[in-house]
Each structure stands twice: as structure tokens, then as C-alpha cells.
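Peer 1: Curious how this folds, go ahead:
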Amino acid sequence: TSKNFTNVEFVIVDGALTITTDDTEVVVTVTGNTKTVVYDGTEHSVEGYTVDVNGLPITVTPKAGTEAMASGTNAGTYYMGLTADDFTAESNNYSNIRIAVTDGWLKIDPITDKVTVTVTENADTVEYDGKEHSVTGYKSMTADNALYDVKKNVAETQTAAWTAKGTDVGEYPVGIVSGDFANTSKNFTNVVFTVADGALTISPITEKTIAVTAASDSKKYDGTPLTNNGFSCTEGVLVPGDVLTAVVEGSATNVSDEGKNVVKSYKVMRGGADVTGNYTFANSVDGKLTILPRTVKLTSETASKEY
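Peer 2: The predicted structure follows:
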């Protein structure tokens with residue numbers, strides 16, 4: 001603007017604002033997603049994560065092959081397995097970025113409601129035949145929760161008590177107890193075992209009954225009592241090895257005596273064991289002791305005299 005200079009040239013020397021990268025450590029957080037469910041027999045999963053850069057111009061990206069997912073079916077905790085090495089963090093403004101990772105997980109909780117498993121013992125009924133019979137184990141095992149698989153989730157310990165044995169009439173219980181079973185599944189925490197009792201029942205022979213008949217006898221009167229403790233019984237009922245004995249009492253001395261021969265008692269023995277209860281008895285039959293009249297011959301005397 002000066003009239004004193006007629007040829008003025010302006011030369012510009014550039015200036016600049018330089019912003020340098022901040023090398024102070026900056027922490028960004030990657031947090032895997034989480035999920036909690038109760039076991040239901042199906043597969044569950046959780047995936048994904050969240051990134052917190054504290055509002056800074058930082059970009060966090062997963063490396064190739066990184067899978068932020070966890071899945072499972074049975075009770076337990078399943079982790080995604082995320083680490084800081086699975087991510088990269090980039091920024092034009094920050095040169096010292098640390099990635100902090102909180103792993104994601106899927107948690108499947110077990111069923112805590114009571115599950116009742118019922119074990120029903122085997123049972124059998126046979127008619128006495130003098131032979132040993134047996135029944136063992138159980139015929140079924142059921143749970144009141146359809147998710148509980150008794151074939152996979154139950155450990156059993158068999159004992160000698162699981163077998164009931166017997167020969168004579170009676171009831172022989174199968175001796176399974178709830179303590180013979182254990183839950184092996186981590187998906188159920190409250191499993192109770194109950195046992196429905198079974199037994200071997202041996203019933204007496206009923207289609208054929210035994211009648212004990214006292215012996216009958218007779219003799220001519222001789223002034224002494226007539227007795228006979230013999231007896232007979234229905235044939236074809238006693239099994240081999242069983243022997244019937246009976247006490248028979250009665251006597252007759254005179255022709256007019258009633259002469260009833262009575263079965264007072266009886267029992268069936270197998271060796272030294274009384275097995276009477278294995279049979280069904282009809283009413284005993286009395287015998288008859290008969291005194292026959294004795295024939296007496298009377299002969300008159302003969303005499304003579306002279307007329």
C-alpha cells in the first residue's frame with residue numbers, strides 16, 4: 001500500500017499444525033455374551049460379544065477364524081474361549097491400545113425338582129411241588145420325568161438279596177432296596193429311588209385234597225379190645241420224598257361197642273421238616289372196629305335108669 005515501492009513481491013513460507021499419535025495406554029474391553037438356561041434335553045447356544053472403546057475412535061475387529069460362540073446340552077458351563085489374541089484394535093490417534101477380554105459363556109443348570117424312579121420287583125406264584133423255585137431282579141424301572149433316562153442315568157449294584165428262593169408254601173420277598181441304585185446324571189440333582197415289592201409265592205396244592213382214612217377191622221369176641229392204628233390216604237397227591245404219618249385211636253371189646261376208629265392227627269414230613277402246610281386236607285374218615293358175636297354150642301347131658 002506504499003507509494004514508495006512500485007515492485008513488491010510476496011513470498012509465502014508454509015506453516016503447519018502437527019498432531020502426534022498418543023502413546024498413552026488405552027484399554028478397550030471385549031465382553032462375550034452370556035446365557036443361563038435349565039437343562040431340558042436339547043442343545044442351547046450363545047454367540048456374539050460387545051466392545052467398549054470408551055467413546056474413542058478405535059476400531060476392534062476379530063481375527064480370521066475367531067468364533068464367538070458356546071453351545072451345550074448337558075448341565076455345566078461352556079465357554080467361548082475368547083482371548084485378546086483373537087482381536088485387533090486400530091486407531092490413527094492411539095498407538096498403545098490394550099485389549100481386555102472377558103470370555104463369554106453358556107451355563108446350563110441342572111433340574112433341581114425331585115425325580116422319582118420306581119423299581120418294580122419281579123414276582124411269581126407257583127404251586128408246591130417239592131422243588132426249589134426262585135425269582136430274581138426287577139421287571140421295570142420308570143421315572144416320573146420324561147427327560148430322565150433310566151437306562152443311561154442309573155447305576156445299580158446287584159446283591160444276593162435280589163433273588164428270592166423257596167420250596168415250601170409261603171411268601172419269599174425279593175430283597176431289592178433303594179440303596180442299590182444311584183443317579184449318575186449331572187443334569188438332575190434330586191433323584192429318589194423307590195421299590196415296589198415283589199415276591200415268590202408258593203401256594204399249597206389245592207386241586208387235589210388229601211383225605212386220611214382210619215383203618216377198619218373186625219374180630220370175633222374174645223374179651224380183649226380190638227385196636228388198629230392203620231390208615232390210608234388219597235393217592236397221587238404227595239410229592240416224592242414227602243411222607244404222611246397219622247395217629248389213629250379207637251377200640252372195641254364188646255359186640256355192642258360203637259367201635260369208632262378216629263384219625264386224631266396227621267402230618268407230612270420231608271426228612272426232619274414238617275411240610276404239612278404244603279397240602280390241602282379234606283375231612284378225615286373214621287374207621288369201624290367191629291366185634292362179631294362168638295358162636296356157643298350147647299350140648300345137653302344124657303342119662304338112663306332101669307325101669
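
Peer 1: partners of Thr142 in the sheet?
Peer 2: Beta-bridge partners for Thr142, by DSSP bridges, are Thr118.

Peer 1: how much space between the residue nearest the centre of the chain and Asp22?
Peer 2: Nearest to the mean C-alpha position of the chain, by Cα atoms, centre = their mean, lies Val119 at 3.0 Å. Distance, Val119 to Asp22, using Cβ to Cβ, to the nearest Å: 72 Å. For glycine as for every other residue, the C-beta is placed from the backbone atoms N, C-alpha and C.

Peer 1: Quick check, Ala84 in contact with Thr102.
Peer 2: No - contact between Ala84 and Thr102 fails when scored by Cβ atoms under 8 Å: they sit 10.6 Å apart.

Peer 1: Mutual contacts of these two, please.
Peer 2: Common contacts of Ala84 and Thr102 (Cβ atoms under 8 Å, 6 or more residues apart in numbering): Val30.

Peer 1: Identify, by residue count, the longest strand of this protein.
Peer 2: strand 260-270 (DSSP state E).

Peer 1: buried ones in it?
Peer 2: Buried residues in strand 260-270, counted by 16 or more other Cβ atoms under 10 Å: Asn261, Val263, Tyr266, Val268, Arg270.

Peer 1: Tally up the residues packed near the closest residue to Thr290 other than its chain neighbours, please.
Peer 2: Closest residue in space to Thr290, ignoring its immediate chain neighbours: Ser218 at 3.9 Å, by Cβ to Cβ, 6 or more residues apart in numbering. Each residue near Ser218 was counted by other Cβ atoms under 10 Å, and the total is 13.

Peer 1: And the one 4 residues further on, by the same measure?
Peer 2: Close neighbours of Asp222, defined as other Cβ under 10 Å, add up to 10.

Peer 1: how much space between the residue lying closest to it once chain neighbours are set aside and Ala182?
Peer 2: Distances taken as Cβ to Cβ, 6+ apart place Arg294 nearest to Asp222, at 7.3 Å, with adjacent residues excluded. Counting by Cβ to Cβ, the gap from Arg294 to Ala182 is 87 Å.

Peer 1: Same check on Ser300?
Peer 2: 107 Å.

Peer 1: More neighbours: which of those two?
Peer 2: Comparing Ser300 with Ala182 by other Cβ under 10 Å, the one with more neighbours is Ala182, at 13 against 5.

Peer 1: List the contacts of that one.
Peer 2: Contacts for Ala182 (Cβ under 8 Å, 6+ apart) come out as Val154, Ala155, Glu156, Thr157.

Peer 1: in the protein, what spans have low per-residue confidence?
Peer 2: Scanning the chain for pLDDT under 70 picks out no residues.

Peer 1: Recalculate using a threshold of 90.
Peer 2: Scanning the chain for pLDDT under 90 picks out the ranges 1-10, 13-22, 295-307.

Peer 1: now the helices: where do they sit in it?
Peer 2: In the chain, the helices defined using DSSP state H lie at 150-153.

Peer 1: got the buried residues for stretch 231-244?
Peer 2: Buried residues in stretch 231-244, defined by neighbour count with 16+ other Cβ under 10 Å: Phe231, Cys233, Thr234, Val237, Leu238, Asp242, Leu244.

Peer 1: What backbone torsions are found at the fourth one?
Peer 2: Read that as Val237. Dihedral angles of Val237 (phi, psi; degrees, to the nearest 10) stand at phi -110, psi -50.

Peer 1: For the closest residue to it other than its chain neighbours, give its distance to Phe281.
Peer 2: Nearest residue to Val237 in three dimensions, chain neighbours excluded: Lys208, at 4.6 Å (Cβ to Cβ, 6+ apart). Per Cβ to Cβ, Lys208 is found 11 Å from Phe281.

Peer 1: who's more crowded, those two?
Peer 2: Phe281 (17 against 13).

Peer 1: for the more buried one, which residues make a bridge with it?
Peer 2: Bridge pairing for Phe281 - DSSP bridges - gives Ile210.

Peer 1: And the one 4 residues further on, by the same measure?
Peer 2: For Val285, the beta-bridge assignment (DSSP bridges) gives partners Thr213.

Peer 1: count of neighbours near it?
Peer 2: Val285 sits with 16 neighbouring residues when counted by other Cβ under 10 Å.

Peer 1: what residues are up against it?
Peer 2: Ala211, Val212, Thr213, Ala214, Val263.

Peer 1: quick one: which of those is most hemmed in?
Peer 2: Ranked by neighbour count (other Cβ under 10 Å), these have Ala214 at the top, with 26 neighbours.
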